[in-house]
Every structure is written in structure tokens, then in C-alpha cells.
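Novice: Fold the stuff below for me.
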Amino acid sequence: FTIEKDDVKVSTFLLLADVRESIGENTGSSGGNTGGGSGEVTIDLSNYYKKIETYSKNQIDARFKDIANIVSLFQGDNDTIKLQNAINYVHENGGGNIIIDKDINLVDTIIIKDNVNIYSKKSKIVSNTDKIPIIIKGNNVSMNGITINCNKISNVGIYVDSYIRNINITECEVFNIDTEAEAYGIYISSYGCSNIKIHKCNVHDIKSTADGVTAVRGGGWSKGIIIDRAEYVNGDVSKGKDLNTKGIIISENIIENIFPYEDGEAIYIEGNSIKNIVNAKIINNTIKNFGKRAIKILPCSEIIISNNYIENNLEDYNFSFISFFATNITISNNRCIKTNNYIENGIEIGYDYDTYIINEEVGNIIITNNNLICGNTGTNYGIIFKHKQMTTSCIISNNNIQNVRYGIALKTSNIIKNININNNIFNNVTGTAIYNRSNLSTLTVDGNIITGNMLSSAIDINIDDSLENKKIEYIIIQNNFINKTDYAGISIS
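Specialist: Next comes the predicted model:
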């Protein structure tokens, strides 16, 4: 690495040697003095720049703080040791930048510590170990332009440890995981983590062999990016802690080919309770070809899912584009397309297993301006509420829902309070556009358009409490356009 001034290239090492010599560190060089205790160091640069310049210690620190360290220049018996030595050196000297200037064959885990920034534009890290290639255990860390080939050996690409803050993973690529165990591209063990950004990364070809058991960790459990309530390090999982996670941004990433159908999901966030504040933004990502779901959110709060493009061209059946059990959540301006076969649900609200506390209230849900273009052969629900918990304050507005059996279905076993279904467009709905089988208190259905290839025997808006002793009160249905020539447009029973 060189500094260039007056058309003369100067060795950084020689220049630093003179600086260190002048402040009392013996490097074997000469040419400086301490300036008589004035707090300044005078360096004789006549051999380099043909003149003498004077710098304060603060100026010296500022000038050389961000000079990058080149991995290949560090000592070590192999590339793994060289990279770890570079990280240790930078960490022990207060932090700085590291450039990976060559491909690295990794034979052990690399631990990234506080205040270390690692850059690469062309070099690749290829894992030759079944251990996790990269574990971030320090605060104030950035990774930029790093390619990690897990080589079908490692089952996690990048792992961020608990209680870590200020992490930036940008323009990195993680791929080629194929394992019989759990598989994760980027894993964040989220206890106490804050200010973590995953931006413009490419996470692809993450696969775990199915074991025939859904919704259980193990074979078939595969995630592109995961923010998890469990601490997972080389197979060690512990649960039961609160997340207390804040400031997670997952933006402008490309995530594709996450398999299998059994539990393959592109982005996955799991908390312990609705009370867990995750404060996550999932925005402007492109997700293609996932096994089960594109995005899944489990008990937590303060989530924004916006402006994502989700497409699945696989001929296999899928479960949903977006699935969540959360409060204070906004899902907006997403475009979701299933081109082959069908998808069970477009957007799924709730969790119908008994894993989580059922008396927690879900609320403040906004689903707006989404395009849900589902498969042409039998997709069941565009948007479905299916959980056991009480739900309050929901707005479903200005969505475009196509090619489904039911457009919006309310099928919870508890009460839904204050739900507004307004200004949505339903096209090619083969069953019922708006369908209720829940206890309701204050439902407004206003300004919706229902048109296109409806079955003659279908009811467009069906509010039904005739089964399971359901109770419905305070209903407003107004200003809707229903393109219907026979049978019932609206039914309330």
C-alpha cells in the first residue's frame, strides 16, 4: 500500500517507521525528533517528498487510522490464519480496515471483533470446514463485498452473535449450502442486538434436506436471512430469552432458491412474544423461488414489510408469500406473483398452532397497496386471518387480489374488533371475495370492486355467524361495486 505525493510513491511502512521512531517506538528507522516536548512530531521526509513537514500526534492518528491492512501481507501458515491475524491486529490497535486481496480457502471459523471493517470486491472465501465460516462477535463491524461459498459443507454462512450492535453487511454474497441439518445464509442471534443492516446482499441456493416433519428445526429447516430467538452456534440452540432487538434493516437484497418446501423461507423473524420489540424493516428486497414462504414473522412487534418484489416460478405448491403473527405491523406496496401451480395463502395473519401464548392480543395491522397475483390453479386465500388470539384495529385497503378462491377470509376462533376492508380490487375470485367465519365487532366493507369470472353459485360478500356460535355486531357494507348477474352479491346470516 503506498501514499502518493508530488509524484513520489512512499512506503507506508517506512513513513510509519519514522513516525513511531519519533515518538519513542524503536523500529530501526531514523530521522525524526519529538519537537522539544511541544506535543508535535517533526518528521524528516526529505528523502521522500524533498521537504520537511510537521504533524501533531492527532494529525498522525487521523491520517493513518483508515489505512487498510492487506490480508496477504500478514504472517500465517494458511489463509485462515492470515485473515484472523489481520483481524486481531486491527482490533488490538483500536480498529480499522482490512482488504481481502486474494481468494481464501477457509479451514476454520473466522471471528470478527470490535471495530473491524473488511472489504473485498473480487476475492472469494471458500469454506473447507463444516464450521461456520464467519462469526461476528464484535460491535461496530462492517463487511463489504465479501463472497462466501459455503461449498455444501458449512450450514451457516455468516453468524451474528447475541448482544451485538452496529453491524453493516453490504454487497456480500452467501451461497451454496446443501445440508441434512438446518441451513442459514445469514443468521442473527437477536438477543440484545441493535442497529444491524443487511443491504444489497445476494443470498441464494440455501438448501436443507427434508425430514418429513414441518415447523420443527432440523432437516428441511432452511432460511435465507434469519433473526432468531434461539442462539445457534454449531448446533447449540437455547431458547427462552427476550429479544430486545432494535433497528434491524433488511433492504435491497436478492434472496432466491431457498429450499425445500417443508420449511424453506427467504426471510424469517422469530420472537418469544408479541411483547418482543424487534423494530425491523424489510424493504425493497427481491425474493424469488422459495420452498414454503417468502417472509415469515412470528411473535413480535414493530415490523415494516414494504416495496418487496416476490415471485415464485416453481411448479410446486407453496404455502404463502407473507405470513405473520405480530402487532404494530405494516405490509405495503409489495408485489407478489405466483406463476405456476398455486400458493395456499397470499398473506397469512396469525399462527394456528399452540406453540405460543394464545391470550396475547394482536393489533394495529395495516395491509395496503399490495398486489397479490396468485397462481391460476386453486389458490385458497388472498388474505386470511386464522389465529386464536383477539385482534384489534386492522386496515386492509387498496390491495389488488387476483386468482384466488377467497379474496379476504376472516377465520379466527377469537374476536376481531374494528376491521376496515376498503377500496380493494378482487379479480378472478372463484369463491367468495370477502368471507367471515369469526366473531366480529365493528366491520366496515367500503368501496371495494369485485369483478371477473366469478362462479355463478358464489357469494361475493358473505358474513356468516351461523356455525360455531359466532357473534357479529356493528356492520357497515357500502359503496362496493359487484359485477354479478345471478345468485347473491351480499349474504349476512
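Novice: Strands of the stretch 301-450 of the chain, start to end?
Specialist: 309-312, 318-332, 335-338, 343-349, 362-368, 371-373, 381-385, 391-397, 400-410, 415-422, 425-436, 439-446, 449-451 (DSSP state E, counting those that start in this stretch).
Novice: could you dump the third one to PDB, C-alpha only?
Specialist: Once non-C-alpha atoms are left out, strand 335-338 reads as follows in PDB (Å, rounded to 0.1, in the frame of the first residue of the first chain):
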ATOM      1  CA  ARG A 335     -45.800  -7.100  -5.500                       C
ATOM      2  CA  CYS A 336     -46.300 -10.900  -5.100                       C
ATOM      3  CA  ILE A 337     -46.600 -13.200  -8.100                       C
ATOM      4  CA  LYS A 338     -47.000 -17.000  -8.300                       C
END
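Novice: Contacts for it next, please.
Specialist: Strand 335-338 has contacts (Cβ atoms under 8 Å, 6 or more residues apart in numbering) with 294, 308-312, 318, 321-322, 346, 370-375, 379. In this view, the C-beta of every residue, glycine as well, is placed from N, C-alpha and C.
Novice: ok, Ile349 - contacts?
Specialist: Ile349 makes contact with Phe324, Phe325, Val362, Ile365, Ile383, Ile384, Phe385, Lys386, His387, Thr391, according to Cβ under 8 Å, 6+ apart.
Novice: that older thread, let me have the strands of the stretch 301-450 of the chain in JSON lines, extended by distance to Ala181.
Specialist: Conversion of the strands of the stretch 301-450 of the chain to JSON lines gives the following (distance: least, Cβ to Cβ, whole Å):
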{"stretch": "strand 309-312", "distance to Ala181": "25"}
{"stretch": "strand 318-332", "distance to Ala181": "22"}
{"stretch": "strand 335-338", "distance to Ala181": "29"}
{"stretch": "strand 343-349", "distance to Ala181": "27"}
{"stretch": "strand 362-368", "distance to Ala181": "33"}
{"stretch": "strand 371-373", "distance to Ala181": "34"}
{"stretch": "strand 381-385", "distance to Ala181": "32"}
{"stretch": "strand 391-397", "distance to Ala181": "36"}
{"stretch": "strand 400-410", "distance to Ala181": "36"}
{"stretch": "strand 415-422", "distance to Ala181": "40"}
{"stretch": "strand 425-436", "distance to Ala181": "41"}
{"stretch": "strand 439-446", "distance to Ala181": "43"}
{"stretch": "strand 449-451", "distance to Ala181": "47"}
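Novice: I'd like the contacts of Ile349 as a markdown table, with neighbour count, pLDDT and distance to Leu443 appended.
Specialist: Below are the contacts of Ile349 laid out as a markdown table (neighbours: other Cβ atoms under 10 Å; pLDDT from 0 to 100; distance: Cβ to Cβ, whole Å):
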| residue | neighbour count | pLDDT | distance to Leu443 |
| --- | --- | --- | --- |
| Phe324 | 27 | 92 | 21 |
| Phe325 | 26 | 88 | 21 |
| Val362 | 28 | 83 | 17 |
| Ile365 | 21 | 96 | 14 |
| Ile383 | 26 | 95 | 14 |
| Ile384 | 25 | 93 | 16 |
| Phe385 | 26 | 91 | 12 |
| Lys386 | 19 | 83 | 17 |
| His387 | 23 | 73 | 17 |
| Thr391 | 24 | 86 | 12 |
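Novice: For Asn427, which non-adjacent residue is spatially closest?
Specialist: Distances taken as Cβ to Cβ, 6 or more residues apart in numbering put Gly452 closest to Asn427, at 4.1 Å, once the chain neighbours are dropped.
Novice: Next, count neighbours for the one you found.
Specialist: Residues near Gly452, counting by other Cβ atoms under 10 Å, number 14.
Novice: Could you verify my assumption that it touches Ala433?
Specialist: No. Contact status for Gly452 versus Ala433: not in contact, 10.2 Å apart, counting by Cβ atoms under 8 Å.
Novice: what sits in contact with each of the two?
Specialist: Phe426.
Novice: Just say which of the strands of the stretch 301-450 of the chain is most tucked in.
Specialist: Compared across the strands of the stretch 301-450 of the chain, strand 381-385 shows the largest average neighbour count, a mean of 27 (mean count of other Cβ atoms under 10 Å).
Novice: List the strands paired with that one, with their directions.
Specialist: Within its sheet, strand 381-385 is paired with strand 343-349 (parallel), strand 400-410 (parallel), according to DSSP bridges.
Novice: Where does the prediction get shaky in this structure?
Specialist: Where the chain drops to pLDDT under 70, the residues are 1-68, 190, 215, 230-244, 351-359, 376-379, 453-457, 466-469, 484-488.
Novice: which stretches of it form helices?
Specialist: 12-22, 57-65, 79-92 (DSSP state H).
Novice: what comes up buried for the longest one?
Specialist: Within helix 79-92, the residues that qualify as buried are Asp79, Thr80, Lys82, Leu83, Gln84, Ala86, Ile87, Val90, His91, counting by 16 or more other Cβ atoms under 10 Å.
Novice: burial measure for the residue lying closest to Ile87 once chain neighbours are set aside, as a count.
Specialist: Closest residue in space to Ile87, ignoring its immediate chain neighbours: Val116 at 5.5 Å, by Cβ to Cβ, 6+ apart. Using other Cβ under 10 Å, Val116 is surrounded by 25 other residues.
Novice: doesn't Glu92 make contact with Val116?
Specialist: No. Taking contacts as Cβ under 8 Å, Val116 lies outside contact range of Glu92: 10.4 Å.
Novice: distance between the ends of stretch 463-481?
Specialist: By Cα to Cα, to the nearest Å, the extent of stretch 463-481 from end to end equals 17 Å.
Novice: Quick check: Lys200 touching Thr170?
Specialist: Yes. Counting by Cβ under 8 Å, Thr170 is a contact partner of Lys200 at 5.8 Å.
Novice: Mind listing the residues bridging to the residue nearest to Ile87?
Specialist: Gly96.
Novice: And for stretch 419-434, what's in contact with it?
Specialist: 382, 391, 394-410, 440, 442-455, 458-463.
Novice: got the contact list for the closest residue to Gly271 other than its chain neighbours?
Specialist: For Gly271, ignoring the flanking residues on the chain, the nearest one in space by Cβ to Cβ, 6+ apart is Cys300 at 3.4 Å. Applying Cβ under 8 Å, 6+ apart, we find Cys300 in contact with Leu243, Ile269, Glu270, Gly271, Ser273, Ile274, Asn276, Ile277, Val278, Ala326.
Novice: Kindly recompute the last result at 6 Å.
Specialist: Gly271, Asn276, Val278, Ala326 (Cβ atoms under 6 Å, 6 or more residues apart in numbering).
Novice: Take those and keep only those in strands.
Specialist: Those of the contacts of Cys300 mapping onto strands are Val278, Ala326, per DSSP state E.
Novice: Can you get me a residue count around Asn414?
Specialist: 18.
Novice: Number of residues surrounding the closest residue to it other than its chain neighbours?
Specialist: Residue nearest to Asn414 in three dimensions, not counting chain neighbours: Met390, with 4.8 Å by Cβ to Cβ, 6+ apart. When neighbours are counted by other Cβ under 10 Å, Met390 registers 17.
Novice: Same question for Lys471.
Specialist: 10.
Novice: from memory it sits against Asn439, does it?
Specialist: Yes. Judged on Cβ atoms under 6 Å, Lys471 makes contact with Asn439 at a distance of 5.0 Å.
Novice: Name the residues contacting each of the two.
Specialist: Common neighbours of Lys471 and Asn439 (Cβ under 6 Å, 6+ apart) do not exist.
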